[in-house]
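J.: Sequence first, predicted coordinates after that:
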Amino acid sequence: MRERDILYSTEDVRQMELAICRGLEWRMRTVTPFLFVGFFIPFLELPLARSSVHDLIYKSQRDIAFIQYRLSVIAAFAMLTVSSGTRNKASISCKG
């Protein structure tokens, strides 16, 4: 790798990456809609099948139109869509 007459070896780059990872204490987690599902479930009084919610999120990722929505919105959409099959939408409540 070359930047302004400075030559970095592959080993130099690897050591820099490791230093960054250690500095972050290896806490590198990609934020996805799946992360929000686990956060939202305790707040909703819904008997959800987590696998059905995950399946719907996977399917939504096939449509480019979903890129305009925040990941938390996609997760909430999937949870409410799955829950509408098990309970009436009017009976959905949220714990405070």
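T.: Cool, got the structure. The structure presented is a predicted model; accordingly, all values stated were derived computationally and were not measured. Residues are numbered from 1 along each chain as shown.
J.: Can you tell me which helix or strand of the protein has the lowest average pLDDT?
T.: Using mean pLDDT, DSSP states H and E, strand 2-3 stands out as the lowest-scoring helix or strand of the chain, at a mean of 56.
J.: Which residue lies nearest the spatial centre of the chain?
T.: Centroid-nearest residue in the chain, with CA atoms, centre = their mean: residue 32, separated by 1.4 Å.
J.: so that one touches residue 78, yeah?
T.: No - the criterion here is CB atoms under 8 Å, and residue 32 misses it with residue 78 at 11.7 Å. (C-beta placed from N, C-alpha, C; glycine too.)
J.: What ranges does this protein have for its helices?
T.: 10-23, 33-40, 50-60, 71-84 (DSSP state H).
J.: in the third one, what counts as buried?
T.: Neighbour counts using 16 or more other CB atoms under 10 Å place 52-54, 56-57, 60 of helix 50-60 among the buried residues.
J.: For the chain, which residues score under the pLDDT cut-off?
T.: Scanning the chain for pLDDT under 70 picks out the ranges 1-4, 45-48, 85-96.
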